[in-house]
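Undergrad: give me a model of this one.
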Amino acid sequence: MPRILGFLFLIMFFTSSAYSMTIDEAVSHAMKNNPELQALRLEEETAKGQLEKARLLLINNPAIEGSLSKKEKPIEEGSGKYKNYGIKLSQEFEIAGQRGLRIEVAEKGLSKVRLEIENRERILTNEVKDAFAKTLASKKKVELTKEVVRLKEDLLNFTKIKFQAGDVSGLEVNLAEVELSKTKRDLILSEREYKEALLSLQGLLGVKPDNAFRIKGELSAEMPSLPDKEKLQNLALIRPDAKAAVMEEEKSNAALFLIKREAVPNITLSGFYDRDENRNVAGLSVSIPLPIFDRKKAERKEAKTNAEQAKINRSGIEKAIEREFDQAYNAFVSSHEEISVFKKEILSKSLENLSLLNLAFKEGKIGFFDVRLAQRDAIDIQFSYLDAVLRAQQAIYAMERTIGGKLK
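TA: Coordinates of the predicted model:
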């Protein structure tokens, strides 16, 4: 009895350790745990710190100076020493509106980082959905291949029975055995492909490889109706990476204006108080550096180059989005047409046909080579349909990635 209880406990333990995810759960998990996205979110904190610094009323801290000295008294005044001391407080002020521009640059930098995070989430969502669809297809391929193995085994058994009855030759038995061996090899390859797809998906989710990990769901052959092309293209041009490129251009232009303003010398105001044996002195002083040697030429040249690069980058991204949209739209239309060619029942009917063909062969209604050829055609239809459904799902996800949102 203790052994039985222990055995049941082990079964329950290993069974409970297995876990599975739907596609929505996988996307949600990736949003929280993907390493690249986590690293990008840390950049947002850095950008917030830069904005906080830019909002400081005065960019430079005040400076305080003090002096203390002793001087011997004249002989006629007796022995001793005079103590002289002074104190000075200085503060540098910007007079060309640098603070406002610095805040603008920091705000646009923070907005750009947030758009980059949003864009990475867009890409990651597509990557997870695409990997999930491939994994579902690999899983379905394993199931189909197992079904084909079963049918090939039945065919081999029927062929052996007919061989013993003298209805078929030994060559046909050998061919049936070869067909079964090939299908078993295909099953091994399909299972390996499924395991590799699971590992790839786990990597995107940011989880450690786990053999207990499973996925839930089925590939759907349903496709949205063809939407308006121009409307979708307009959505693609306002997705996060396009907005981020615009924000980078605006930030670069603002940084260029800031550099020009920073070339204007700052004013330093100082209040001082000095005291010696004869007098007390208090007053204000003003100092302005002369921009003779450093006129911010190098900084202005660099800022201007950055602004030009940002402009070129924005144009390049917009053109890349247009190309990406055309490719995604054409793939979507093609998959839409391909799925419409297939009937929804074609997969199940093909499996039924395989069983009926084997039954017809068993009853002597068709010959071995006829059933072998018909089986091959029926199996090819099944896997072709599976590939078409996968392409359709990928076309939907690619279009959603291109427009930065879900198709309605």
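
Undergrad: what about P291, which helix or strand?
TA: For P291, there is no helix or strand it lies in under DSSP states H and E.

Undergrad: ok, it - contacts?
TA: Neighbouring residues of P291 by CB atoms under 8 Å, 6 or more residues apart in numbering: A263, P265. Using the backbone N, CA and C atoms, a C-beta is placed for each residue, glycine as well.

Undergrad: what segments of the chain are strands?
TA: With DSSP state E as the criterion, the chain has strands at 19-21, 63-72, 81-93, 213-215, 267-275, 280-287.

Undergrad: just tell me which of these ends up closest to E43.
TA: Closest to E43 of those, according to CB to CB: strand 19-21, at 28.2 Å.

Undergrad: before we move on, the earlier item: okay, the strands of the chain in CSV with mean pLDDT next?
TA: As requested, the strands of the chain are exported to CSV (pLDDT from 0 to 100):
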stretch, mean pLDDT
strand 19-21, 79
strand 63-72, 85
strand 81-93, 87
strand 213-215, 88
strand 267-275, 90
strand 280-287, 89
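
Undergrad: deepest of those, which one?
TA: strand 213-215 (a mean of 17; mean count of other CB atoms under 10 Å).

Undergrad: partner strands of it, with direction?
TA: Applying DSSP bridges to the sheet, strand 213-215 is found paired with strand 19-21 (parallel).

Undergrad: pLDDT below threshold where in this structure?
TA: 1-19, 73-80, 343-355, 358, 408 (pLDDT under 70).

Undergrad: helices along that one, start to end?
TA: Here the chain has its helices, by DSSP state H, at 2-17, 23-33, 35-54, 98-164, 170-205, 229-236, 240-262, 297-341, 346-362, 368-403.

Undergrad: redo those as JSON lines? Include distance to A63 and mean neighbour count.
TA: Compiled in JSON lines, those are given as follows (distance: least, CB to CB, whole Å; neighbours: other CB atoms under 10 Å):
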{"stretch": "helix 2-17", "distance to A63": "65", "mean neighbour count": "9"}
{"stretch": "helix 23-33", "distance to A63": "47", "mean neighbour count": "17"}
{"stretch": "helix 35-54", "distance to A63": "19", "mean neighbour count": "14"}
{"stretch": "helix 98-164", "distance to A63": "19", "mean neighbour count": "19"}
{"stretch": "helix 170-205", "distance to A63": "53", "mean neighbour count": "16"}
{"stretch": "helix 229-236", "distance to A63": "54", "mean neighbour count": "14"}
{"stretch": "helix 240-262", "distance to A63": "20", "mean neighbour count": "20"}
{"stretch": "helix 297-341", "distance to A63": "24", "mean neighbour count": "15"}
{"stretch": "helix 346-362", "distance to A63": "80", "mean neighbour count": "17"}
{"stretch": "helix 368-403", "distance to A63": "55", "mean neighbour count": "19"}
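
Undergrad: using JSON lines, please lay out those helices together with distance to S90.
TA: Output for the helices of the chain, formatted as JSON lines (distance: least, CB to CB, whole Å):
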{"stretch": "helix 2-17", "distance to S90": "68"}
{"stretch": "helix 23-33", "distance to S90": "50"}
{"stretch": "helix 35-54", "distance to S90": "21"}
{"stretch": "helix 98-164", "distance to S90": "19"}
{"stretch": "helix 170-205", "distance to S90": "56"}
{"stretch": "helix 229-236", "distance to S90": "55"}
{"stretch": "helix 240-262", "distance to S90": "20"}
{"stretch": "helix 297-341", "distance to S90": "25"}
{"stretch": "helix 346-362", "distance to S90": "83"}
{"stretch": "helix 368-403", "distance to S90": "56"}
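
Undergrad: show me the residue at the heart of this structure, geometrically.
TA: L124 (2.9 Å; CA atoms, centre = their mean).

Undergrad: ok, it to I188 distance?
TA: Look at L124 and I188: by CB to CB, to the nearest Å, they are 32 Å apart.

Undergrad: and for L269?
TA: Per CB to CB, L269 is found 82 Å from I188.

Undergrad: same check, this time on L232
TA: From L232 to I188 the distance is 42 Å (CB to CB).

Undergrad: check Q38 too.
TA: Q38 is 37 Å from I188, by CB to CB.

Undergrad: try Q202
TA: 22 Å.

Undergrad: before we move on, what about G109?
TA: Distance from G109 to I188, by CB to CB: 53 Å.

Undergrad: what does V389 give?
TA: 23 Å.

Undergrad: then K112?
TA: Relative to I188, and taking CB to CB, K112 is found at 49 Å.

Undergrad: swap in R314?
TA: Taking CB to CB, one finds R314 at 50 Å from I188.

Undergrad: what of G405?
TA: On the measure of CB to CB, G405 and I188 end up 41 Å apart.

Undergrad: ok, now G100?
TA: Applying CB to CB to G100 and I188 gives a distance of 68 Å.
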